[in-house]
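# got a sequence here, can you model it:
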Amino acid sequence: MTESSENIWSTREKSWAHLQKNNPSSIAIINESLKIIDRCLDYYEAASKSSSYGLACGLFLLKGKNLGHGCFSLILDGHAQEAGALLRPLIECIELLAYMRIFPEKANDAVNNKLPSAGQRAKEINGEYKGLREHLNDHASHISFSPESLSHLLNPDSSFRRTQESIPEIILSSVSDLAIQIQFLMHEGIRALERVSDAPARDLGTRAENLRKRSCFVFGIFGN
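Below you'll find the predicted structure:
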């Protein structure tokens with residue numbers, strides 16, 4: 001029997017050191033996104049005392065933030081595939097914020113847990129996540145014997161890979177993909193905030209747009 005004697009945090013330490021040395025801007029962008037989300041949460045929390053809409057949007061945004069943080073933590077530990085299990089509900093939070101913005105009259109249904117299913121909500125807002133959601137359902141949110149779900153658990157000789165390594169290319173691509181989704185969450189949080197407090201939403205929208213432009217150069221994935 002082979003047991004790993006390696007420090008269980010060694011992969012995280014290597015991943016973090018690699019990001020700090022080779023792409024510190026990616027860390028800065030995620031941190032700034034989370035700061036903007038926190039500022040949104042200030043306004044939602046203030047509105048939540050008297051508004052079902054503020055309560056629903058605020059908690060959906062906070063849940064999404066926590067899920068994003070969890071994804072980032074798993075990626076650092078070398079568990080990018082398993083992070084997909086948290087990415088799936090993160091996407092749901094993004095779509096819930098869009099649903100609340102488009103159908104604010106559904107806020108009471110939201111806080112009473114009476115909203116339509118996630119699939120039905122996605123149809124009503126013309127959501128664009130169907131393909132990704134199905135992929136995550138098949139290979140991340142549920143256990144299957146598909147290569148996408150389990151191949152990373154085996155070494156080339158078919159022995160079990162007890163410890164997931166920090167692979168620079170996977171770390172960078174996974175962090176950039178996550179940064180996109182966290183920014184989508186941030187943008188939906190700001191757009192929904194317009195119904196709560198218009199002026200702060202405009203100010204935060206400016207900060208978010210500046211952050212998006214920075215992301216163009218760091219990740220090379222957003223259009224100008």
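# what about Lys63, how many neighbours?
Burial of Lys63, expressed as a neighbour count using other Cβ atoms under 10 Å, amounts to 16. (Each C-beta comes from the backbone N, C-alpha and C, glycine too.)
# what strand or helix carries the closest residue to it other than its chain neighbours?
If the residues on either side of it in the chain are set aside, Lys63 comes closest to Cys93, at 5.5 Å by Cβ to Cβ, 6 or more residues apart in numbering. Element membership of Cys93, judged by DSSP states H and E, is helix 80-102.
# buried residues, that helix. List them.
Along helix 80-102, the positions that meet the burial threshold by neighbour count (16 or more other Cβ atoms under 10 Å) are 80-101.
# surely Gly78 is in contact with Trp16?
No: using Cβ atoms under 8 Å, Gly78 is not in contact with Trp16, being 11.6 Å away.
# more neighbours: these two, which one.
Gly78 (23 against 15).
# after the helix holding Cys93, which helix or strand is next?
Once the chain leaves helix 80-102, the next helix or strand it forms, by DSSP H and E, is helix 107-111.
# what packs against that following helix?
helix 52-76, helix 80-102 (3 or more Cβ pairs under 8 Å, 6 or more residues apart in numbering; DSSP states H and E).
# lowest average confidence across those, which one?
The stretch with the lowest mean pLDDT among the helices and strands packed on helix 107-111 is helix 80-102, at a mean of 93.
# contacts only, for Phe103.
Counting by Cβ atoms under 8 Å, 6 or more residues apart in numbering, Phe103 touches Glu124.
# hey, which helix or strand in this protein has the poorest pLDDT?
Evaluated with mean pLDDT, DSSP states H and E, the helix-and-strand set of the chain has its lowest mean pLDDT in helix 130-136, which scores a mean of 62.
# in contact with the closest residue to Asp77 other than its chain neighbours, which residues are there?
In space, and not counting its chain neighbours, Asp77 is closest to Arg12: 5.0 Å by Cβ to Cβ, 6+ apart. Taking Cβ under 8 Å, 6+ apart, we find Arg12 in contact with 76-78, 166.
# and if you look at Ile102?
Contacts for Ile102 (Cβ under 8 Å, 6+ apart) come out as 124-125.
# so how far is His79 from the most centrally placed residue in the chain?
The structure's the chain has its C-alpha centroid closest to Gly68; by Cα atoms, centre = their mean the separation is 3.7 Å. Counting by Cβ to Cβ, to the nearest Å, the gap from Gly68 to His79 is 15 Å.
# ok, now Leu96?
25 Å.
# how long is stretch 107-115 from one end to the other?
End-to-end distance for stretch 107-115, by Cα to Cα, to the nearest Å: 9 Å.
# buried sites along it?
Within stretch 107-115, the residues scored as buried using 16+ other Cβ under 10 Å are 107, 110-111, 115.
# can you give me the neighbour number for Arg202?
So Arg202, with other Cβ under 10 Å, has 12 neighbours.
# how much space between it and Leu193?
Distance of Arg202 to Leu193, computed by Cβ to Cβ: 10 Å.
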